[in-house]
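Enquirer: attaching a predicted model along with its sequence, questions to come.
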Amino acid sequence: MRDTGQIQGYHAHVYYDEASRPAATDLREAIGARFEVQLGRWHDRPIGPHPRWSYQVAFAPDQFATLVPWLALNRHSLVVLVHPTTGDDVADHTEHAIWLGEKLDLDIDVLR
């Protein structure tokens, strides 16, 4: 069994495209207004292991219990990947990943 004390924080990756960017904007503004998070840059192209346009929301473990259920109810049908940051990028994006919406295929080779 792994110790949850290894979790340094979490990332939520919000995926969007040109048509869903307004919904992604509304979601981002709502997250920033309600939670203590770090909002990452907009990536209007696939970047890293992510197969779609995205932005990242970084947050502390103590935000998980309120932010993730809120995202589940308020994501406007956007796909969101939530994962812990433990120092093992491959495991964090695969076996430790939580998907809200469709599960996407990530380019894990980028993380190796």
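Expert: Thanks, I have the structure now. This is a predicted model, so every value here is computed, not measured. Residues are numbered from 1 along each chain as shown.

Enquirer: quick one: contacts for the nearest residue to residue 76 once chain neighbours are set aside?
Expert: When the adjacent residues along the chain are set aside, residue 76 lies closest to residue 23, with 4.0 Å between them (C-beta to C-beta, 6 or more residues apart in numbering). Every residue, glycine included, has its C-beta placed from N, CA and C. The contact partners of residue 23, by C-beta atoms under 8 Å, 6 or more residues apart in numbering, come to 16, 76, 77, 78.

Enquirer: widest-spaced pair of those residues?
Expert: Within those, two members stand farthest from each other by C-beta to C-beta: 16 and 77, at 10.5 Å.

Enquirer: with neighbour numbers in mind, choose between these two.
Expert: Neighbours per residue (other C-beta atoms under 10 Å) separate residue 16 from residue 77, with residue 16 holding more: 23 against 9.

Enquirer: phi, psi for that one please.
Expert: Torsion angles at residue 16 (phi, psi; degrees, to the nearest 10) stand at phi -150, psi 170.

Enquirer: equivalent analysis for residue 84, please.
Expert: phi -80, psi 160.

Enquirer: mind checking how far it is from residue 77?
Expert: Relative to residue 77, residue 84 is positioned 24 Å away (C-beta to C-beta, to the nearest Å).

Enquirer: can you dump the C-alpha atoms of the helix ranked longest in the chain in CSV for me?
Expert: Looking across the chain with DSSP state H, the single longest helix is helix 21-34. Output of helix 21-34 as CSV, limited to C-alpha atoms (Å, rounded to 0.1, in the frame of the first residue of the first chain):
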residue,chain,number,x,y,z
ARG,A,21,-13.6,27.5,-25.2
PRO,A,22,-16.4,29.8,-23.9
ALA,A,23,-17.5,27.0,-21.5
ALA,A,24,-13.8,26.4,-20.5
THR,A,25,-13.5,30.2,-19.9
ASP,A,26,-16.6,30.2,-17.7
LEU,A,27,-15.3,27.2,-15.7
ARG,A,28,-11.9,28.7,-15.3
GLU,A,29,-13.3,32.0,-13.9
ALA,A,30,-15.6,30.1,-11.5
ILE,A,31,-12.7,27.9,-10.3
GLY,A,32,-10.5,31.0,-9.7
ALA,A,33,-13.2,32.8,-7.8
ARG,A,34,-14.1,29.9,-5.5
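
Enquirer: thanks a lot, see you next time.
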